[in-house]
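[1] compute the structure for the input listed below.
(2 chains)
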Number of protein chains: 2
Amino acid sequence: MPVITFEPSGKTLEVAPGTELLEAMSKAGIDIDLSCGGEGTCGDCIVQVKSGDVDCQSQGMLSGSALSDGHVLACRTRVLDKPVVIEIPQQSGKEGGQFVDETDSVLLIRQELFPREWQHDPLTLKWLVQVPAPQQEDGLSDLERLTRTVQKDWGRLDFHYSLPVIQKLADVLRTQDGLVTITLVRSLQLYYIVDVEPGNQTTRHYGIAIDVGTTTVAVQLVSLPLARVIATRTAYNDQVVCGLDVISRINYAQKPDRLKELSVRVLRTINTLVHEVCRAYGVEPEEISNAVVAGNTTMIHLLLGLKPEYIRLEPYTPTLLEARYFTSQEIGLEINPNSWVYISPAVGSYVGGDITSGLLCTDIAADSDAVNLFIDIGTNGELVVGNNEFLLTCACSAGPAFEGGGIEFGMRASLGAIEKVQVDPETGVASFQTIGNVLPRGICGSGMIALLAGLSTTGWIDAAGKLDRDRPSPAIEIQGRQASYIIAAKQQSAIGKPIAISETDIENILRAKAAIFSAVAMMLEQTGLNVADLHQVYIAGGFGRFLDIEKAICIGLLPDVPREKYLYIGNSSLTGAFMVLVSQEFREKQLQLAKRMTYIDLSVKPGYMNQYVGALFLPHTNMELFPTVKRSRL
Amino acid sequence: MPVITFEPSGKTLEVAPGTELLEAMSKAGIDIDLSCGGEGTCGDCIVQVKSGDVDCQSQGMLSGSALSDGHVLACRTRVLDKPVVIEIPQQSGKEGGQFVDETDSVLLIRQELFPREWQHDPLTLKWLVQVPAPQQEDGLSDLERLTRTVQKDWGRLDFHYSLPVIQKLADVLRTQDGLVTITLVRSLQLYYIVDVEPGNQTTRHYGIAIDVGTTTVAVQLVSLPLARVIATRTAYNDQVVCGLDVISRINYAQKPDRLKELSVRVLRTINTLVHEVCRAYGVEPEEISNAVVAGNTTMIHLLLGLKPEYIRLEPYTPTLLEARYFTSQEIGLEINPNSWVYISPAVGSYVGGDITSGLLCTDIAADSDAVNLFIDIGTNGELVVGNNEFLLTCACSAGPAFEGGGIEFGMRASLGAIEKVQVDPETGVASFQTIGNVLPRGICGSGMIALLAGLSTTGWIDAAGKLDRDRPSPAIEIQGRQASYIIAAKQQSAIGKPIAISETDIENILRAKAAIFSAVAMMLEQTGLNVADLHQVYIAGGFGRFLDIEKAICIGLLPDVPREKYLYIGNSSLTGAFMVLVSQEFREKQLQLAKRMTYIDLSVKPGYMNQYVGALFLPHTNMELFPTVKRSRL
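    Residues are numbered from 1 along each chain as shown, chains lettered A, B, ... in the order given. This is a model prediction of the structure:
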């Protein structure tokens, strides 16, 4: 019988081969609070195999690097007939031991905003039909027999079949004596047959929600009959090497072959994620028959191979703002080639379909007269303020810092990212937590905010973002005119070197937060609103599961309003795309929102530059704007 | 000044360099009756340059082999500053000197059957619009500005744009200050934008009619705004090497990669013809924005990559009978990739869209109560009999003999084909005429019919198709049990060897004519009609410009009814495709015809085999069926 040794406690236990690791841990008295109940989705039971072999089914649920480090889900791992040593994460239990699959971010949205069951109405449907056998007497072709059968259920409409569907029709109709599942897109004008499969395939029906960010791309595999998210995957946009923000991408795309290159790059990113999530959950990409894409206007132009140049040139006119009828084949998306790909409606060149998508996750879409503010913090920051009477929107360029871009040890909110930091007031040394509670690989946006807040409140950094050179601290390293702050020493790090943040990194973070804050301030000024007038402030962004609002206010990223007004809703662009995927009512709602929004160009407004420069400080040059921060420092 | 010598007369003439050859011929007293008036389209002025160089613009109007033989159109050729020798065809004037471009075959149709001017209504239209300049204030994308402009003319419809059209939109709208030509498909449900071009391109708008035969493929370039045929090109179907008739092609297609191969082959044939005809007339293939394809059901299945197997297996159910929405891109047709390709409606597995297309060229489509018979002589023979009350149709397998297939020196009705033959009763030696009046390269269907009629009436062949072995003739060559008839001796031939027809060839021709005749006889028997009840008998087929009805009756191919009932209408499948291309009313008419037709399976009818065997003779075992032939032999 194999013996399991649990580290760091050193406990051992003899179990039968084939015993589930989670069960063995329970027997050894190591209790883990599982939010998914052992279904392999929450990541709460992540452990590390230090030596020995196990039968691990965690593939696809953990990143490749986590797997190669020996991380497994205990609920998906069985012991073989060999001794094995298992490392239990240092901070065990709910708070420390969890693994954040981005699936969780969907849980951040208030469930009551989601489409209700009676609103579940995906654009594509699977429909089971029994097609009569061919008969010489009626003279009907295969296609006519199928069409007539479908018309019995759907009325005497015209149906559009693409050639590849017709090419397999003869065999499909004869495989199970005419029992076939059709995949149908109901358009106003015409019904499109996306696929025809033999037998009953109605439960195997999937959609994909795609958020194309300038820095980060996220996809969400969705069960259309259940209207439920199956899993989410994110990755850096492969275009990042061609420029960090939309303007540099537009410049890069000047030559036609480079436009093609950018299109190929983002498609590669998306398709890789689609294949990954499909493989992990046993879904064939061809079973995905509808896609909803949300992204800023430039990202959509680059994805579709549309010249982005005019987005940047006066009068800033994009080629398209929305699209309904493209097929995945013409775009190059590797799902069912006849799938329709819906491009979320944009408002203009600088407020894209990611924002109209994100609004679906807020009360702004709920037709209320309370004035709400929506802030999407990405490489571009976008704001929407309004209610059922008016909707104003603006954009600013924040840069990729909060997504890890342009920061030496920056990374996305994924396994191994430092997401919480505290700074010792006396020694200046940091203590931190990582996502998945493993050794740190870098720092993500929420970690950066926590770090700057900690350094600022403890006085280890000044209002201009300069580290304290006068008080000696083992965490501060001074090299000439530059200083760096070491968050994790070499021996604490998973990457074989210390994880630090330089003053240059800090400047990038300050520029990002200043862009967001000054946009908020200008927007309120433009509308004549006071922060007190706001009912709710929604914060969206790729911070993963956590964004500490208190600390975000402390560094001057967000305005100093009562904390209960804030609601962090994660990647709302992706969640909104999911909502549109499962509900045509929400699709309609989104189109209405896009039409109602009025764009304000902040850059031409007087006072913008002053606001921005003031916001480059921690928290701001004008401390009156941050009364609670001011009070806490007294 | 260059000197021109005209052969065979030997006349010479001195002219200024640059003089048009036709003008020089006129000055030299060589008059040619030009049916096109010197427009380079009728081929009446074809001559051969025996020596010297000329400036020749005949490319594309003559076949490659004719050009390499030095054939030119005199009206398209200018003399250079050098002496030149020109051969005038032996039989000058209208009858002898003409060159038959298949364009002419369209002239065989009675003009009153063509769509009238008020019926000119092609499916695709080019439309000139002035799109307003982009403005930041209105927030409209390029696509929205275009759509709104088009909607001003066409109403608030929904428009479908394919991605490649949108990809070039930004530049197209900015090239000529918003003046653009859109190419539009008006569908019942939705309008499709096939193309967007800068500036006014409304006159450059083309369609292509395509007839896909088992043996021969023909394409016709059509000016859509003028509703006029520009030119026609034909070639053998590249699938011929995979089997001579539809059944052998279906067998060949059993393996999936071979189905693909057949599809690629016929596409190659069509695309080559399209490129040829475009090059000749200065049209870009991308300027062709609509295609109509007529073909038998098997050919359509192979073209579209549809498994043809079930056409041949009971209950003989094809995958599709018609198609409206395919794009040229999904089919692989090399014209504008967003063009719609209309597949002419078929009646069933054995009566295809070539027949419903051909019917448009007859009074059967003209809603009359006179009973007419339509016979399409191709590799498959198809018949339609009926009037405005009933329409019956049947098919038979004739084989490719009349198109030159399976006959050693057989060829299509193109330049150099022997099309008229007379046999000297005394010597048995043939005199003949070729298309274009050049040295013969082979014999086409009308030549075979004339030859067999001549041999039969002069007694050089018996009723069973055997050559006379008892009377010596220089034209008859006996080798063992086989005899051959030499039509053109080696020195009379363009291919360096005698052109002959063997008894095996004759058997093939007899089988072809027997299949057609017995189908006609059975069809009349089934309907209880007498030949006298027929108002008109339309003969369609790829015989080129001529089919000698008298001789076709003489060999027993066609029933012995008063000659004035017959009307030879050439390639009516192609002409009908042209009619559908330029008139939506005719498209509707064709769909109605297809629905009204009832298919009769002759092969299961008693007496069919007897009819067929009787018809294998010259003209038939039952001479009572051929009273005028019988009388002429008495």
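[2] how far away is A:Pro448 from A:Thr356?
    I think there's a mix-up here, since residue A:448 is Met and not Pro. Here A:Met448 is placed at a distance of 28 Å from A:Thr356 (Cβ to Cβ, to the nearest Å). Just so you know, the C-beta spots here come from the backbone N, C-alpha and C atoms, and that holds for glycine as well.
[3] repeat that for A:Ala227.
    As judged by Cβ to Cβ, A:Ala227 and A:Thr356 stand 20 Å apart.
[4] next one: A:Pro115
    16 Å.
[5] these two - which one has more neighbours?
    A:Thr356 (31 against 20; other Cβ atoms under 10 Å in any protein chain shown).
[6] what sits against the nearest residue in space to A:Leu534 that is not next to it in sequence?
    Nearest non-adjacent residue to A:Leu534, counting by Cβ to Cβ, 6 or more residues apart in numbering or on different chains: A:Leu373, 5.1 Å away. Shown in contact with A:Leu373 (Cβ atoms under 8 Å, 6 or more residues apart in numbering or on different chains): A:Leu383, A:Val384, A:Val385, A:Val520, A:Met523, A:Leu534, A:Gln536, A:Val537, A:Tyr538.
[7] apply 10 Å and report the result again.
    By Cβ atoms under 10 Å, 6 or more residues apart in numbering or on different chains, the contact set of A:Leu373 is A:362, A:364, A:383-386, A:520, A:523-524, A:527, A:529, A:531, A:533-539, A:559, A:561, A:565-566.
[8] what about it, which SS state?
    strand (DSSP: H, G, I helix; E, B strand; the rest coil).
[9] what are the bridge partners for it, then?
    Per DSSP bridges, the residues bridged to A:Leu373 are A:Val385, A:Val537.
[10] any idea which element A:Met523 lies in?
    Assignment of secondary structure by DSSP states H and E places A:Met523 within helix A:503-527.
[11] so does that helix get close to chain B?
    No. Applying Cβ under 10 Å from any Cβ of the partner chain, one finds helix A:503-527 separated from chain B by no less than 16.9 Å.
[12] I'd like the distance from that helix to the chain centre, please.
    Centroid separation for helix A:503-527 versus its chain: 22 Å, with Cα atoms, centre = their mean, to the nearest Å.
[13] try stretch A:67-84
    29 Å.
[14] give the buried residues for it.
    Buried residues in stretch A:67-84, defined by neighbour count with 16 or more other Cβ atoms under 10 Å in any protein chain shown: A:67, A:69-79, A:83-84.
[15] cool, and stretch A:304-323?
    In terms of neighbour count (16+ other Cβ under 10 Å), stretch A:304-323 has its buried residues at A:304-312, A:316-323.
[16] that one near chain B at all?
    Yes. Stretch A:304-323 reaches chain B (Cβ under 10 Å from any Cβ) through A:304-311, A:313-323.
[17] pretty sure A:Arg265 contacts A:Gly243?
    No. Contact between A:Arg265 and A:Gly243 fails when scored by Cβ atoms under 10 Å: they sit 11.2 Å apart.
[18] settle it for me: which of those two has more neighbours?
    More crowded of A:Arg265 and A:Gly243, by other Cβ under 10 Å: A:Arg265, with 19 against 16.
[19] if I look at that one, how far off is A:Asn237?
    In terms of Cβ to Cβ, A:Arg265 sits 8 Å off from A:Asn237.
[20] shared neighbours, the two?
    Residues touching both A:Arg265 and A:Asn237 (Cβ under 10 Å, 6+ apart): A:Arg249, A:Leu302.
[21] packing partners of the helix or strand encompassing A:Glu23?
    Assigned by DSSP H and E, A:Glu23 belongs to helix A:21-27. Under the contact criterion of 3 or more Cβ pairs under 10 Å, 6 or more residues apart in numbering or on different chains; DSSP states H and E, helix A:21-27 touches strand A:3-7, strand A:11-14, strand A:46-51, strand A:54-56, strand A:71-73, strand A:77-79, strand A:84-87.
[22] which of these sits most buried?
    strand A:71-73 (a mean of 25; mean count of other Cβ atoms under 10 Å in any protein chain shown).
[23] what are the pairing partners of it, and which direction each?
    Counting by DSSP bridges, the strands paired with strand A:71-73 are strand A:46-51 (antiparallel).
[24] hmm, who's touching the helix holding A:Glu23?
    A:2, A:4, A:6, A:11, A:13-16, A:19-20, A:30-32, A:34, A:38, A:45, A:47, A:49, A:54-56, A:72-79, A:84, A:86, A:88, A:92.
[25] enumerate the positions of that helix that are buried.
    A:Leu21, A:Leu22, A:Ala24, A:Met25.
[26] quick one on the thing from earlier: can you put the helices and strands packed on helix A:21-27 in JSON lines and add mean pLDDT?
    Below are the helices and strands packed on helix A:21-27 laid out as JSON lines (pLDDT from 0 to 100):
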{"stretch": "strand A:3-7", "mean pLDDT": "88"}
{"stretch": "strand A:11-14", "mean pLDDT": "86"}
{"stretch": "strand A:46-51", "mean pLDDT": "85"}
{"stretch": "strand A:54-56", "mean pLDDT": "83"}
{"stretch": "strand A:71-73", "mean pLDDT": "82"}
{"stretch": "strand A:77-79", "mean pLDDT": "86"}
{"stretch": "strand A:84-87", "mean pLDDT": "88"}
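[27] of those, which is nearest B:Asn622?
    Nearest to B:Asn622 among the helices and strands packed on helix A:21-27 is strand A:54-56; the distance by Cβ to Cβ comes to 85.0 Å.
[28] show me what that closest one is packed up against.
    Counting contacts by 3+ Cβ pairs under 10 Å, 6+ apart, strand A:54-56 packs against helix A:21-27, strand A:71-73, strand A:77-79.
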